[in-house]
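Engineer: Only the shape, not the letters, is given here:
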């Protein structure tokens, strides 16, 4: 739990001068800031602030180690940075008056300085000492502008690196297809009417894995991925995606219903061509495909709802024995043969 600490004036002034928002203040200003800070102690695991909390202050690490993490897809906490003595935490969010954009917690027993402390909010300090607070805000605005310029320069200078990072973030490593994160985060900004949503799930896949092992399943997924990417290359503006497990999709922008159904049938035929011959222990196995086809916005104007409906139709076709192509419409609520 937080508690009040003591420190020498010399150590305190050195620590305050190291914080960017205070680095250019006059001596009298620093003395005032020193009178309006607070001290906090956190044991390992204590939360300093949570993502979404109002950024009513910022922190300077006096000792210890603070981890900043962010909640990502699948409720995963991803570590963004670690801060040690002299580092400043939460200043950017505080300066722009937003909520904290991430979570901070103590990785070890830590001592922090917080500004403003318990003596009041920044608005209170503005009334009490407007000149000093104005200089703090002026320095802070300069800091924000500098960081924005640095970020823009970083993006410009490292565009190839960023493209590689984006590729890793949005690519399924096993198949080379785009992944569900891309489908949810990036794709909705790129589609144009009409857009076809073709989802595909191989039938008898579990039997293939059980009898021939996961290597055979991986080979089948690689061949399905190749079929999707080949079709994407010839279909115009389109994206081949691995949704989850053995469910995949081909999204085609500016694609009408007849073309979408034709491509769905071609993909179904491509999967039907995937077979594994008999061996000493197993009978031959041939795959078929369950497929759903939807058109945005014709079959549903809300993109996320349409995608969910298409997936339900895909699962329905698979549960009914597979080797079917269903047209999914949000209003109908069920899959029907196109």
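Structural biologist: Received, thanks. These numbers come from a predicted model, not from an experiment. Residues are numbered from 1 along each chain as shown.

Engineer: Quick one: the helices in the protein, in order.
Structural biologist: Taking DSSP state H to define them, one finds helices in the chain at 9-18, 27-34, 91-96, 122-128, 130-157, 159-170, 180-185, 205-212, 214-234, 257-272, 303-319.

Engineer: Just the buried residues of the second one, please?
Structural biologist: By 16 or more other Cβ atoms under 10 Å, the buried positions in helix 27-34 come out as 29, 30, 32, 33, 34. C-beta here means a position set from N, CA and C on the backbone, and glycine is covered the same way.

Engineer: just to revisit the earlier point, redo the helices of the chain as a markdown table? Include mean pLDDT and distance to residue 75.
Structural biologist: Shown next, in a markdown table, are these (pLDDT from 0 to 100; distance: least, Cβ to Cβ, whole Å):
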| stretch | mean pLDDT | distance to residue 75 |
| --- | --- | --- |
| helix 9-18 | 82 | 36 |
| helix 27-34 | 87 | 39 |
| helix 91-96 | 79 | 22 |
| helix 122-128 | 84 | 33 |
| helix 130-157 | 72 | 28 |
| helix 159-170 | 70 | 18 |
| helix 180-185 | 88 | 14 |
| helix 205-212 | 89 | 27 |
| helix 214-234 | 93 | 26 |
| helix 257-272 | 95 | 33 |
| helix 303-319 | 94 | 19 |
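
Engineer: quick one: which of those is nearest residue 46?
Structural biologist: helix 91-96 (19.3 Å; Cβ to Cβ).

Engineer: which helices and strands does the closest one pack with?
Structural biologist: strand 58-63, helix 130-157 (3 or more Cβ pairs under 8 Å, 6 or more residues apart in numbering; DSSP states H and E).

Engineer: related to what we said a few turns ago, most widely separated two among the buried residues of helix 27-34?
Structural biologist: 29 and 34 (9.7 Å).

Engineer: need the contact list for the residue nearest to residue 43 when sequence neighbours are not counted.
Structural biologist: Leaving out its chain neighbours, the residue that sits closest to residue 43 by Cβ to Cβ, 6 or more residues apart in numbering is residue 109, at 5.4 Å. Counting by Cβ atoms under 8 Å, 6 or more residues apart in numbering, residue 109 touches 41, 42, 43, 44, 64.

Engineer: Tell me the pLDDT of residue 109.
Structural biologist: Residue 109 is assigned a predicted lDDT (pLDDT) of 95.

Engineer: how near is it to residue 83?
Structural biologist: Remark: distance between residue 109 and residue 83 (Cβ to Cβ, to the nearest Å) = 14 Å.

Engineer: Only the buried residues of stretch 217-228, if you could.
Structural biologist: By 16+ other Cβ under 10 Å, the buried positions in stretch 217-228 come out as 217, 220, 221, 223, 224, 225, 227, 228.

Engineer: tell me which of the residues you listed is nearest to residue 115?
Structural biologist: Proximity of those to residue 115 (Cβ to Cβ) peaks at residue 225, which lies at 53.4 Å.

Engineer: Return the distance of that closest one relative to residue 314.
Structural biologist: Residue 225 is 17 Å from residue 314, by Cβ to Cβ.

Engineer: Just confirm residue 129 contacts residue 32, I think it does.
Structural biologist: Yes - contact between residue 129 and residue 32 holds when scored by Cβ atoms under 8 Å: they sit 5.7 Å apart.

Engineer: Quick one: distance of stretch 200-210 to the chain centre.
Structural biologist: 30 Å (Cα atoms, centre = their mean, to the nearest Å).

Engineer: From start to finish, how long is that stretch in a straight line?
Structural biologist: Stretch 200-210 has an end-to-end distance of 21 Å (criterion: Cα to Cα, to the nearest Å).

Engineer: same check, this time on stretch 11-28
Structural biologist: Per Cα to Cα, stretch 11-28 runs 17 Å from first to last residue.

Engineer: And residue 194, how far from residue 301?
Structural biologist: 12 Å.

Engineer: Looking at the two, which has the bigger crowd around it?
Structural biologist: residue 194 (18 against 10; other Cβ atoms under 10 Å).

Engineer: mind checking how far that one is from residue 257?
Structural biologist: Using Cβ to Cβ, residue 194 is found at 8 Å from residue 257.

Engineer: same question, residue 289
Structural biologist: Separation of residue 289 from residue 257 (Cβ to Cβ): 19 Å.

Engineer: Who has more neighbours out of the two?
Structural biologist: A direct count of neighbours by other Cβ under 10 Å for residue 289 and residue 257 places residue 289 higher, at 27 against 16.

Engineer: surely the more buried one meets residue 199?
Structural biologist: No - between residue 289 and residue 199 there is no contact under Cβ under 8 Å: 10.1 Å.

Engineer: Please consider this matter closed, and thank you.
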